[in-house]
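> 3D model of this:
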Amino acid sequence: MADPVDRAIAAAKPNARRRPARPWPVCATLMMLALPFLIAEAIAWIALTLTWWAFFGILYLMRPAVLLLGIAAIMSVPMAIVVWQHPDAANGIPFWAFPLGGIGALLFVVGYVGQVDRLRPPDFTDRYPPFRTSRPEEPSPPGRLDADKGSTFRAG
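Purely as a prediction, here's the structure:
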């Protein structure tokens, strides 16, 4: 089948030279040249995203342990009082080292939690928020199946 443009030219000028066959389009050639780079970019993007999620997941899982470090830092103040009263209880560590260590631990906790929140991926949803603001629902009686919560057996 002839191209409609070629037929129109042939009808208008019977002795006119036909157009040469269309070469490979320039955009398709550029696309074929760019295809390996596009594939490499997609693989790099996938690797970066997976690394980001894995790194965030590890940091997010360690957050409760780091929060416990904050509680341990608060306990350094009574330890400092005990060491101040009984210097032999700390084996030569001065009493002022305990509150300084506690302050450092609290600063570490605040910085860690802030950085974990800052590194959060954009589509991350926290299924278990650490601080719940709503009151929990009333529990079902002991030994009953709870139909509203997927038939979870609650032993009393």
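> touching, Trp52 and Asp123? I think so.
No. If you go by C-beta atoms under 8 Å, Trp52 and Asp123 don't touch, sitting 11.4 Å apart. C-beta: built from backbone N, CA, C; applies to glycine.
> and the two? Which one has more around it.
The residue with more neighbours, out of Trp52 and Asp123, is Trp52; 14 against 6, by other C-beta atoms under 10 Å.
> for the more buried one, what are its contacts?
Contacts for Trp52 were tallied using C-beta atoms under 8 Å, 6 or more residues apart in numbering; they are 119, 121.
> retrieve the pLDDT associated with it.
On the pLDDT scale, Trp52 is placed at 92.
> next up, the contacts around Phe55.
Applying C-beta under 8 Å, 6+ apart to Phe55 gives the contacts Leu119.
> separation between it and Gly114?
16 Å (C-beta to C-beta, to the nearest Å).
> then Gly101?
In terms of C-beta to C-beta, Gly101 sits 20 Å off from Gly114.
> which one's more surrounded, the two?
Gly101 (16 against 10).
> these two touch, right, the more buried one and Ser76?
Yes. If you go by C-beta under 8 Å, Gly101 and Ser76 touch, sitting 5.7 Å apart.
> which non-adjacent residue is nearest Val113?
In space, and not counting its chain neighbours, Val113 is closest to Arg63: 6.5 Å by C-beta to C-beta, 6 or more residues apart in numbering.
> surely the one you found is in contact with Gly114?
No. Applying C-beta under 8 Å, one finds Arg63 not in contact with Gly114, separated by 11.1 Å.
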